[in-house]
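J.: here is the input, now give the coordinates:
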Amino acid sequence: GKEVTLVAKPEPHRIELASPIRIYGKVVDAKSGEPIELFRVVPVKAFRPDFYSTDFQAGSVAEGQNGEYSIDIDSHGQSDNRYRVRIEADGYRTALGQKSLAMGDAPLEEDFELEPAPALTATVLEPSGEPAESFTVAVGTATTSPSFSLDRQDTSFGISFHVEGKSTFELPATFEAQRIRAFNDAGFAEVLREPDEPIGTIRLEPWASLSGRLTQGDRPIANEWVYFHPVVRRTLTEARFQDGFATKTDLDGRFEFERLPPMRGTVKAYLGPWRDSALTSSRSVPLDLNP
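T.: Numbering: from 1, shown residues only. The predicted model follows:
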């Protein structure tokens, strides 16, 4: 694909499509030098320096075998982004390519030497201290920064999975810090771990809840979106999530968040140019939510 701007003229326009964005190379064990038999190749888009998006969607990820890989990356016609690859293999530390290319560039060759490293293990406890037997894990990093909502986890551009019947989980060793969230019906917890730092035990805290009423003057405002935004705004080089907590007001203007992470943030009604609203102004209220 290629985005073009066309102006009418008597002669036919001639559009030359760019070759696919292709990255290829070899992947070996850093200690033995032997080819790694099976691994995954994940495309990573760079919108600009330090601003990445990793695409874990099934149709985007390629499989490498016997120490060799080749991946064609779909740029969807966008010519102003650059692309790298992320290499994942069981029993090794995940690696991010140091070379990049853009649409129209010649195929790029980059080889990897993966460092053998055991998976990172963690144990999740209920707020009571008992082992958790059912929970969801979501991971945010500087190169993934997935969207986060309680009802649907982002597995297209982030790492998330559900654990059932045991209180432990594993994550592969990686090259970057990870912000790890674990949660279930009873509670929520978030921890930050550096690349070589053990995850250890994660104890859930009970959820926070939030309710209120939206009015303009004395008039209740119905069917309006109300948002909770964590107050922390992390930089592009920090492990992070893109949080989205929202609910709608009822006919009497009342709203309720039955479950929110116990953290500091702000609550406000939506007011912006993209949707008509009965509101003529809005305010953002700071809160420090407790379990």
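J.: what's the single longest strand in the protein?
T.: Secondary structure of the chain per DSSP state E: the longest strand is strand 38-48.
J.: what's the mean pLDDT across that strand?
T.: Across strand 38-48, the average pLDDT comes to 96.
J.: under the pLDDT cut-off, which ranges of the stretch 51-200 of the chain? List them.
T.: Within the stretch 51-200 of the chain, not a single segment meets pLDDT under 70.
J.: pLDDT score for the residue of the chain positioned farthest from its centre?
T.: Relative to the mean C-alpha coordinate of the chain, counting by Cα atoms, centre = their mean, the farthest residue is residue 10 (47.8 Å). Note on residue 10: pLDDT of 97.
J.: for it, what are its contacts?
T.: Listed by Cβ atoms under 8 Å, 6 or more residues apart in numbering, the contact set of residue 10 is empty. (Each C-beta comes from the backbone N, C-alpha and C, glycine too.)
J.: ramachandran angles for it?
T.: phi -60, psi -40 (degrees, to the nearest 10).
J.: list the contacts for residue 3?
T.: 77-79.
J.: quick check: phi and psi at it.
T.: Phi and psi for residue 3, reported as degrees, to the nearest 10, are phi -90, psi 130.
J.: quick one: contacts of the longest strand of the chain?
T.: Residues outside strand 38-48 that contact it (Cβ under 8 Å, 6+ apart): 23, 27, 52-56, 60-65, 69, 71, 73, 81-90, 92, 96-97, 100, 114, 143.
J.: pull out the CA atoms of the next helix-or-strand element following it and give them to me as PDB.
T.: Sequence order places strand 51-54 as the next helix or strand after strand 38-48, per DSSP states H and E. The C-alpha coordinates for strand 51-54 follow below in PDB (Å, rounded to 0.1, in the frame of the first residue of the first chain):
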ATOM      1  CA  PHE A  51       8.000   6.100  20.600                       C
ATOM      2  CA  TYR A  52       7.300   2.400  19.800                       C
ATOM      3  CA  SER A  53       4.300   0.200  19.100                       C
ATOM      4  CA  THR A  54       4.800  -3.600  19.100                       C
END
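J.: please renumber the chain so that the first residue is 838 from this point on.
T.: In the new count, where the first residue is 838, that last one comes out as strand 888-891.
J.: mind listing what's buried in strand 888-891?
T.: Residues of strand 888-891 classed as buried: 889-891 (neighbour count, 16 or more other Cβ atoms under 10 Å).
J.: partners of it in the sheet?
T.: strand 875-885 (antiparallel) (DSSP bridges).
J.: show me the contacts for the residue positioned nearest the centre of the chain.
T.: Geometric centre of the chain, nearest residue: residue 983, 1.5 Å, by Cα atoms, centre = their mean. By Cβ under 8 Å, 6+ apart, the contact set of residue 983 is 975-977, 990-992, 994-997, 1078-1079.
J.: could you rerun that using 6 Å?
T.: Counting by Cβ atoms under 6 Å, 6 or more residues apart in numbering, residue 983 touches 977, 991, 994-995.
J.: again with residue 980
T.: Neighbouring residues of residue 980 by Cβ under 6 Å, 6+ apart: 889, 891.
J.: which SSE is it in?
T.: Using DSSP H and E, residue 980 sits in no helix or strand.
J.: gap between it and residue 901?
T.: Separation of residue 980 from residue 901 (Cβ to Cβ, to the nearest Å): 19 Å.
J.: try residue 931
T.: Residue 931 sits 13 Å away from residue 901, going by Cβ to Cβ.
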